[in-house]
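In: Provide a 3D model corresponding to the input given below.
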Amino acid sequence: MPDVRITRSNHFDRNTPQSAGILRLAAINSDLSSSSHICGGVMIAQPHTASSVHHHGNQETIIYVLGGNGQVRWGRHGERSESAPVDFVFIPAHLPTRT
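Out: Predicted coordinates:
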């Protein structure tokens, strides 16, 4: 049975895809935990920045919005949702998104 795993802030994984104006630090991924299907971490975005369209392969992604407002875009028809502080955002595996 796997153990509970806590990733301290000084052990976040900086080896993640980056976008201009956005810093991504993984806290839960296949390198830092026993899970190969969940991605969680810290994303610090400068105002008025956006990532390129991407997906996280087999990993489901959970985003907790600590501060600021954001927008997630996905799908062929440009669906989008707004996020605000204290929101959680779930992104399914293989879904192309832009944050």
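
In: hey, let's count contacts and neighbours off CA atoms from now on
Out: OK.

In: which ones are touching His56?
Out: Going by C-alpha atoms under 8 Å, 6 or more residues apart in numbering, His56 touches 93-95.

In: remind me which residues of this structure are low pLDDT?
Out: For the chain, applying pLDDT under 70 flags the ranges 1-2.

In: ok so, going back, ok, of the contacts of His56, which one's closest to Gly68?
Out: Distances from the contacts of His56 to Gly68 were compared by C-alpha to C-alpha; the smallest belongs to Leu95, at 23.7 Å.

In: how about that closest one, phi and psi?
Out: phi -80, psi 120 (degrees, to the nearest 10).

In: can I get the CA coordinates of stretch 65-83 in CSV?
Out: The C-alpha trace of stretch 65-83 is given here as CSV (Å, rounded to 0.1, in the frame of the first residue of the first chain):
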residue,chain,number,x,y,z
VAL,A,65,-6.8,29.4,-7.3
LEU,A,66,-5.1,31.2,-4.4
GLY,A,67,-5.4,34.7,-5.7
GLY,A,68,-6.4,36.7,-8.7
ASN,A,69,-8.8,35.8,-11.4
GLY,A,70,-8.2,33.6,-14.4
GLN,A,71,-9.7,31.9,-17.3
VAL,A,72,-9.4,28.3,-18.7
ARG,A,73,-10.2,27.7,-22.4
TRP,A,74,-10.7,24.3,-24.0
GLY,A,75,-12.5,22.5,-26.8
ARG,A,76,-13.0,23.0,-30.4
HIS,A,77,-15.6,25.7,-29.9
GLY,A,78,-13.6,27.8,-27.4
GLU,A,79,-15.5,26.9,-24.3
ARG,A,80,-14.2,28.8,-21.3
SER,A,81,-14.7,29.3,-17.6
GLU,A,82,-13.6,32.0,-15.3
SER,A,83,-11.9,31.2,-12.0
